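1. need the 3D shape of this:
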Amino acid sequence: MKVIESIKEMKEASQALRAEGKKIAFVPTMGYLHEGHLSLMRKGREVGDALIVSIFVNPTQFGKGEDLERYPRDIERDKELCKGEGVDILFVPSVREIYPENYQTYVDVEDVTKNLCGTSRPGHFRGVATVVTKLFNIVRPDIAIFGEKDFQQLAVIKRLALDLNMDVEVIGMPIFRESDGLAMSSRNNYLSQEERGAARSIYRALRRAKEVFDEGERSAGVLLNEARRVLEICPLIEPEYVKLADMGTMEYVDRVEEEALLAIAVRIGKTRLIDNIILRKM
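-> All right, here's what the predicted structure looks like:
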């Protein structure tokens, strides 16, 4: 596995792979890798001839008072995990490399960022869209793979690639969960034992709404109330939002016709966690 830190070297390596006729699969991450990330890499090995992974904790997607400084990092552990998954190139640029002095250009994706996390984290998706655009321009992948836990992020990136005519196929992969259902996240590392137990209620709330949906309920009000009731049982959980949204536009819906995204964001202590489930008519 080759480890690259400079944009110039990464571009040259990508160009060489493309000259050899290799299809490049790309998995962008912020590091502190877990099994969910590794599942994306395994998909990359399946669909591409060369697998490139990036690790970059992107400061522009963190708001004031968020956890940029304490975001978990362990680059040596991450390198070993990437080697174990057969990663060909690991791209680990510095903040100064990505955002040099006097950097001024940002990318805004509009309507799809307005709801859900776009409401509670203003500027977050501007940072995501900017760094992903830069990474796509540097790596020039044929395929980019993202997890569906950050479903709105996935929708933003698909919109970005479509609107800006990027020659990259964006693939979403199912959420990877712990044995008790908690969605895998680097931020789970923040949780105390008691908070970790409380976090199980997030998936329970999603499953409860899905049970009611599978029994025939289609009203957003009823479905959301069922999910909220589960969250309210746990005093450690502070819901930020519990919403039903269109899976493409992220617009809120009053009823589920064929399918919709049930998305939840909560705070447990100082930790913010998100999760979702797709309600789909069988």
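2. burial of the nearest residue in space to residue 249 that is not next to it in sequence, as a residue count?
-> Nearest residue to residue 249 in three dimensions, chain neighbours excluded: residue 112, at 6.2 Å (C-beta to C-beta, 6 or more residues apart in numbering). Bear in mind the C-beta positions are built from the backbone N, C-alpha and C, glycine included. Other residues within reach of residue 112, judged by other C-beta atoms under 10 Å, total 22.
3. wait, doesn't residue 112 sit right on residue 250?
-> Yes - between residue 112 and residue 250 there is a contact under C-beta atoms under 8 Å: 5.0 Å.
4. could you chop the protein up by domain?
-> 2-173, 186-276 (automatic domain parsing).
5. can you list these in a markdown table and add distance to residue 180 and mean pLDDT?
-> Compiled in a markdown table, these are given as follows (distance: least, C-beta to C-beta, whole Å; pLDDT from 0 to 100):
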| stretch | distance to residue 180 | mean pLDDT |
| --- | --- | --- |
| domain 2-173 | 14 | 98 |
| domain 186-276 | 5 | 97 |
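6. shared neighbours, residue 112 and residue 250?
-> Applying C-beta atoms under 8 Å, 6 or more residues apart in numbering, one finds that residue 112 and residue 250 are jointly contacted by 152, 155.
7. got the contact list for the nearest residue to residue 182 once chain neighbours are set aside?
-> Once flanking residues are discounted, residue 182 sits nearest to residue 199: 5.3 Å by C-beta to C-beta, 6+ apart. Counting by C-beta under 8 Å, 6+ apart, residue 199 makes contact with 182, 188, 191, 237, 268, 273.
8. please name the nearest non-neighbouring residue to the second one.
-> What it means is residue 188. residue 182 (6.7 Å).
9. so what's the backbone phi/psi at that neighbour?
-> The phi and psi values for residue 182, taken as degrees, to the nearest 10, are phi -60, psi 130.
10. for the one 10 residues further on, same thing?
-> Backbone geometry at residue 192, expressed as degrees, to the nearest 10, gives phi -70, psi 170.
11. how near is it to residue 236?
-> 10 Å (C-beta to C-beta, to the nearest Å).
12. and for the two, which residues touch both?
-> Here residue 192 and residue 236 share the contacting residues residue 269, scored by C-beta under 8 Å, 6+ apart.
13. now do the contacts for the residue nearest the centre of the chain.
-> When C-alpha atoms, centre = their mean is applied to the chain, the residue found nearest the centroid is residue 150 (3.5 Å). If a contact means C-beta under 8 Å, 6+ apart, then residue 150 has residue 274 as its contacts.
14. wait, a helix at it?
-> Yes - Residue 150 forms part of a helix when assessed by DSSP: H, G, I helix; E, B strand; the rest coil.
15. could I get the full set of strands for the stretch 151-282 of the chain?
-> Here the stretch 151-282 of the chain has its strands, by DSSP state E, counting those that start in this stretch, at 169-173, 237-245, 259-268, 271-280.
16. mind listing what's buried in the shortest one?
-> Using 16 or more other C-beta atoms under 10 Å as the burial criterion, the residues of strand 169-173 that qualify are 170-173.
17. same check, this time on stretch 275-282
-> 275-277, 279.
18. before we move on, the earlier item: for residue 176, see how far away the residue nearest to residue 182 is.
-> Applying C-beta to C-beta, one obtains 15 Å for the distance of residue 199 from residue 176.
19. now the helix of greatest length in the chain: buried residues?
-> Secondary structure of the chain per DSSP state H: the longest helix is helix 193-214. Neighbour counts over helix 193-214 (16+ other C-beta under 10 Å) mark 195-196, 198-199, 201-206, 208-210, 212-213 as buried.
20. ok, the residues you listed vs residue 154, which is closest?
-> residue 206 (17.2 Å; C-beta to C-beta).
21. what ranges does the stretch 101-250 of the chain have for its helices?
-> 117-120, 124-139, 151-163, 193-214, 220-232 (DSSP state H, counting those that start in this stretch).
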